[in-house]
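# with the input below, show me the fold.
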Amino acid sequence: MAIASWWQRKAEASYRIGDEELTPWRPWSLPALRKEFNRAKSIDPRFAGWWRENSKEAYNTGLANAAAAFDSYARSKQGRRKG
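Next comes the predicted model:
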């Protein structure tokens, strides 16, 4: 997801690919993660067989924590947060 895009962009930049041609950023905000999960859960075979068996809050909590972690990581890389 977002981290994969970051690593891909980093690799592309090392080959001096211009900003306009880099792999697009994948947003990691909670709404963006929810939208992607809702899209994938019905069509991706990794989810299709079992996601309905659990509370939607389990997924929502995981997505909220992932969004917060991605945000903290990005802020630390920008020097706006320790850790």
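# quick check: which helices or strands does the longest helix seen in the chain pack against?
Assignment by DSSP state H gives helix 56-77 as the longest helix of the chain. Contacts defined by 3 or more Cβ pairs under 8 Å, 6 or more residues apart in numbering; DSSP states H and E place helix 56-77 against helix 30-43. For glycine as for every other residue, the C-beta is placed from the backbone atoms N, C-alpha and C.
# can I get the helix it packs on in CSV? Just the C-alpha atoms.
In CSV, the C-alpha atoms belonging to helix 30-43 read as follows (Å, rounded to 0.1, in the frame of the first residue of the first chain):
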residue,chain,number,x,y,z
LEU,A,30,-8.3,6.6,7.3
PRO,A,31,-11.0,7.5,4.7
ALA,A,32,-8.6,6.4,1.9
LEU,A,33,-7.8,3.1,3.7
ARG,A,34,-11.5,2.4,4.3
LYS,A,35,-12.3,3.1,0.7
GLU,A,36,-9.6,0.7,-0.5
PHE,A,37,-10.5,-2.0,2.0
ASN,A,38,-14.2,-1.7,1.0
ARG,A,39,-13.2,-2.1,-2.6
ALA,A,40,-10.9,-5.0,-2.1
LYS,A,41,-12.9,-7.0,0.5
SER,A,42,-15.4,-8.3,-2.1
ILE,A,43,-13.1,-9.0,-5.0
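# packing partners for whichever helix or strand comes after that helix?
Counting by DSSP states H and E, the next helix or strand C-terminal to helix 30-43 is helix 45-48. Packing partners of helix 45-48 (3+ Cβ pairs under 8 Å, 6+ apart): helix 30-43.
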